[in-house]
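Novice: Following is a predicted model, sequence given first.
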Amino acid sequence: MTDLPLAGAGCALDSDGAVRQGERYADLGGSLIDVEREGLRLTARFGAAVDEELLREAIAVERACCSFFSIAFDADERTLELTVADARHAPALDAVQSALTVRPGEVRSGGGT
């Protein structure tokens with residue numbers, strides 16, 4: 001179980017929702033080619049085997065719960081870019097990066113939402 005530790009970060013997900021979103025990212029991480037964190041931006045590039053339906057679901061959840069994210073997805077390049085305008089929300093980028101890079105069998109738990 002992977003819980004996104006976004007308490008106080010402005011995320012509207014409840015604890016169960018954060019766990020489910022963390023699991024989505026962990027599943028997507030199996031297709032991750034590269035993830036880069038630069039300042040207030042996180043860019044993740046996925047391989048051709050990425051579950052695009054799951055990726056679109058994760059994006060939809062982020063748009064609904066975390067209005068502080070600016071989200072861009074290039075379907076042709078399979079690249080997801082999350083940015084925040086305020087450094088107070090930078091921990092949310094760290095949480096997404098961490099969830100994407102969970103190794104198989106690894107369990108991470110955070111503070112919930």
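Specialist: Arrived safely, thanks for sending. Just so it is clear, the structure is predicted and the values come from calculations on it, not from any experiment.

Novice: Run through the residues that contact residue 59.
Specialist: When contacts are counted by CB atoms under 8 Å, 6 or more residues apart in numbering, residue 59 is found next to 71, 73, 80. C-beta: built from backbone N, CA, C; applies to glycine.

Novice: How about the secondary structure of the first one?
Specialist: Going by DSSP: H, G, I helix; E, B strand; the rest coil, the secondary structure assigned to residue 71 is strand.

Novice: quick one: it and residue 61 touch, right?
Specialist: No: counting by CB atoms under 8 Å, residue 71 stays clear of residue 61, with 10.6 Å between them.

Novice: Show me the shaky parts of this structure.
Specialist: Low-confidence segments of the chain (pLDDT under 70): 1-10, 12, 103-113.

Novice: which residues in it form strands?
Specialist: Along the chain, counting by DSSP state E, strands occupy 32-38, 41-46, 69-74, 79-84.

Novice: Now for the nearest residue to residue 63 once chain neighbours are set aside: which residues touch it?
Specialist: In this structure, residue 63 finds its nearest non-sequential neighbour in residue 71, 6.2 Å apart by CB to CB, 6 or more residues apart in numbering. Neighbouring residues of residue 71 by CB under 8 Å, 6+ apart: 59, 62-63, 80-82.

Novice: again, only this time at 6 Å
Specialist: Shown in contact with residue 71 (CB atoms under 6 Å, 6 or more residues apart in numbering): 59, 62, 82.

Novice: hey, what's it bridged with?
Specialist: residue 82 (DSSP bridges).

Novice: Can you tell me the number of residues neighbouring residue 93?
Specialist: Residues lying near residue 93 (other CB atoms under 10 Å) number 20.

Novice: Taking the centroid of the protein, which residue is nearest it?
Specialist: Note on the chain: the residue nearest the mean C-alpha position is residue 96, at 3.3 Å, using CA atoms, centre = their mean.

Novice: Tell me which residue of this protein is positioned farthest from its centroid.
Specialist: Within the chain, the residue lying farthest from the chain centre (CA atoms, centre = their mean) is residue 76, at 19.3 Å.

Novice: Regarding it, what are the backbone dihedral angles?
Specialist: phi -60, psi -40 (degrees, to the nearest 10).
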